[in-house]
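*Asks:* When you get a sec, could you give me coordinates for this:
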Amino acid sequence: MTDLSTLKLFATQPHPCSYLEGEEATTVFVDPEAKIDRGLYSQLSLLGFRRSGAHLYRPQCSSCQACMSCRIPVTIFKPNRSQRRCWQKNQDITIGVAERIDTLEHYSLYSRYIESRHQDGDMFPPSEEQYKAFLTSEWGSTQYLEFRLYGELVGVSVCDQLDDGLSAVYTFYAPEHHERSLGKFAILAQIHKAHTLGLGYVYLGYWIKQCEKMNYKIQYRPLELLINRRWMRLN
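*Replies:* Prediction:
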């Protein structure tokens, strides 16, 4: 099995940043031929890598360090008033774990979500091929949390179980239920899931202070940021 000392990394050419106007981004990818298991994946997550489909990557830009990996320490997480209200409001939602999400029901929900919420993103227009490639189960670590309202599928969270936590890969939900704040509820559900599994963290990916779309991540306190290869806590 591959280990960190022998792992090959590949870098993209600089390209326009998707988050900060006027900035150039460079992305480092783990060798797609490398043999990855949960242990190695967990080590890479500690170093700031994320999964997208079958690929592990992290930003490595020459002139910008705005992207910071962030995670929630679940045992000491303290929900704020808005988060408590959200959790209580959605107690009529049933949370389950699905073995697969390659059904018409799941894709239909994903398609509606992308068309409603992300028409300016890289995943628009949605396609079944892109959906399966992006949210595929890798290395035996992926879980699919389903959110159902009286049987109706209203949300799905794709998360990977690491040695020390859950990595929140992606969440999509029914846009017509906007008053329920299902995105917020999904993060709270993953915090709850990690706690019940005895795991210490929920990894939320990257946070960029100057990016308004990522402001929601800083609302989960305390939050830990990866700064100069050290996890630092924001209370």
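*Asks:* OK, contacts around residue 168?
*Replies:* 157, 159, 187, 190, 202, 203, 204, 205 (C-beta atoms under 8 Å, 6 or more residues apart in numbering). Backbone N, C-alpha and C define where each C-beta goes, glycine included.
*Asks:* okay if I get these as CSV plus distance to residue 42, neighbour count and pLDDT?
*Replies:* Supplementary listing: the contacts of residue 168 in CSV, determined by distance: C-beta to C-beta, whole Å; neighbours: other C-beta atoms under 10 Å; pLDDT from 0 to 100:
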residue, distance to residue 42, neighbour count, pLDDT
157, 19, 25, 98
159, 14, 24, 97
187, 20, 21, 98
190, 16, 25, 98
202, 14, 26, 98
203, 10, 26, 98
204, 16, 22, 98
205, 15, 19, 97
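*Asks:* Among those residues, which lie within helices?
*Replies:* 187, 190 (DSSP state H).
*Asks:* got the contact list for residue 14?
*Replies:* Per C-beta under 8 Å, 6+ apart, neighbours of residue 14: 24, 25, 26, 61, 62.
*Asks:* So what does it look like in phi/psi?
*Replies:* Backbone torsions of residue 14, given as degrees, to the nearest 10, read phi -60, psi 140.
*Asks:* Give me the local confidence score for residue 144.
*Replies:* Looking at residue 144, its pLDDT reads 96.
*Asks:* helix, strand or coil for it?
*Replies:* strand (DSSP: H, G, I helix; E, B strand; the rest coil).
*Asks:* Quick check: of the contacts of residue 14, which lies closest to residue 9?
*Replies:* residue 26 (11.5 Å; C-beta to C-beta).
*Asks:* got the contact list for that closest one?
*Replies:* 11, 12, 13, 14, 15, 59, 60, 61, 62.
*Asks:* How about residue 82?
*Replies:* 184, 219.
*Asks:* hmm, 6 Å instead?
*Replies:* With C-beta atoms under 6 Å, 6 or more residues apart in numbering as the criterion, no residue contacts residue 82.
*Asks:* The helix or strand containing residue 85: which residues count as buried?
*Replies:* Assigned by DSSP states H and E, residue 85 falls within helix 81-89. For helix 81-89, the neighbour count (16 or more other C-beta atoms under 10 Å) marks 83, 86, 87 as buried.
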